[in-house]
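K.L.:
The amino acid sequence is not available; the structure is as follows:
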């Protein structure tokens, strides 16, 4: 397996809205978390975090407001599998039935649900199942608007970081950070995301007036090395569209070809 964890050149997403999950490549836990900074309680199903607290009812460990900062500083990629479910408070953990604990174990082991994995007792918004964090993630979203909000944050922050590390095209004047792409702007891409879509930072173009980030419909992949091989081919073909930030209007738009 090639090491594509934390790949900043592209983002792959394949959305399954019926079952409320998205397969992705190129989005790591740190980026996901910073789209939802109010998440403070994570029930850790598979991990190597040594500062977690054990819940005696489920025998799972969890990260809370006091320890989540340490988790964010970890090399999550080195964990191998990293799986968690957010929860509201520990009282909810203590109310979980045996079959619900078994479902959580199955989720983290098989990276697939037995039933839709949103639990009233936990009031969870997400189930995060990753292998070599950033290489392959399967994330369940109770509300699919959260997926679009996350993606809009990640794309904008990725471009902001790239801009910060490279001399800019037109002098040294510091430019304002890009805002997140609004959910409503991304919604027209839902059909392409259902087919499997790759967003290329590698071929992003920046000028005085706008930033253009191309994307292609690439298909359904579970093996991300195979996806990279297809990307190497498809990136030489005409784009299917682009995400455009207009500097003058200070707004995002989607152009579909």
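P.N.:
All right, it came through fine. Because the structure is predicted, anything quoted here is derived from the model rather than measured. Residues are numbered from 1 along each chain as shown.
K.L.:
Which other helices and strands does the helix or strand bottoming out on mean pLDDT in the chain contact?
P.N.:
Using mean pLDDT, DSSP states H and E, the weakest-scoring helix or strand in the chain turns out to be helix 144-165, at a mean of 90. Under the contact definition 3 or more Cβ pairs under 8 Å, 6 or more residues apart in numbering; DSSP states H and E, helix 144-165 sits against strand 10-16, helix 29-35, helix 183-186, strand 210-217. (C-beta placed from N, C-alpha, C; glycine too.)
K.L.:
Using neighbour counts, pick out the buried residues of the first one.
P.N.:
Neighbour-count burial for strand 10-16, with 16 or more other Cβ atoms under 10 Å as criterion, is recorded at 10-15.
K.L.:
on that earlier part again, for the helices and strands packed on helix 144-165, which one ends up most surrounded?
P.N.:
strand 10-16 (a mean of 22; mean count of other Cβ atoms under 10 Å).
K.L.:
Please enumerate residues in contact with that one?
P.N.:
22-27, 144, 147, 151, 154-155, 158, 190, 193-202, 218, 220-221, 224, 227, 231 (Cβ atoms under 8 Å, 6 or more residues apart in numbering).
K.L.:
Pull out the buried members of those.
P.N.:
Of these, these count as buried by 16+ other Cβ under 10 Å: 22-27, 144, 147, 151, 154-155, 158, 193-194, 196-201, 218, 221, 224, 227, 231.
K.L.:
Show me these that map onto helices.
P.N.:
144, 147, 151, 154-155, 158, 193-194, 224, 227, 231 (DSSP state H).
K.L.:
Closest one to residue 46 out of those residues, please.
P.N.:
residue 224 (18.8 Å; Cβ to Cβ).
K.L.:
For that closest one, give me its contacts.
P.N.:
Residue 224 sits next to 4, 12, 25, 135-136 when contact means Cβ under 8 Å, 6+ apart.
K.L.:
what's residue 238 in contact with, if anything?
P.N.:
For residue 238, the contacting residues are residue 257, by Cβ under 8 Å, 6+ apart.
K.L.:
Which of the three states applies to it?
P.N.:
Judged by DSSP: H, G, I helix; E, B strand; the rest coil, the three-state class of residue 238 is coil.
K.L.:
okay, it: pLDDT?
P.N.:
You'll see residue 238 listed with a pLDDT of 97.
K.L.:
Also residue 217?
P.N.:
pLDDT recorded at residue 217 is 98.
K.L.:
Look up how far residue 228 lies from it.
P.N.:
Applying Cβ to Cβ, to the nearest Å, the value for residue 217 to residue 228 is 16 Å.
K.L.:
One more: residue 222?
P.N.:
Residue 222 sits 13 Å away from residue 228, going by Cβ to Cβ.
K.L.:
and what of residue 193?
P.N.:
Using Cβ to Cβ, we find residue 193 at a distance of 18 Å from residue 228.
K.L.:
got it, and residue 183?
P.N.:
To residue 228, residue 183 is 28 Å away according to Cβ to Cβ.
K.L.:
same check, this time on residue 257
P.N.:
Counting by Cβ to Cβ, the separation of residue 257 from residue 228 is 23 Å.
K.L.:
out of everything not next to it in sequence, what's closest to residue 111?
P.N.:
Nearest in space to residue 111, with sequence neighbours left out and distances taken as Cβ to Cβ, 6 or more residues apart in numbering, is residue 129 at 4.7 Å.
K.L.:
Just list whatever residues bridge to the one you found.
P.N.:
In this structure, residue 129 bridges to residue 83, residue 138 when assessed by DSSP bridges.
K.L.:
wait, isn't it in contact with residue 108?
P.N.:
Yes. Using Cβ atoms under 8 Å, residue 129 makes contact with residue 108 at a distance of 6.7 Å.
K.L.:
Alright, that wraps it up for me.
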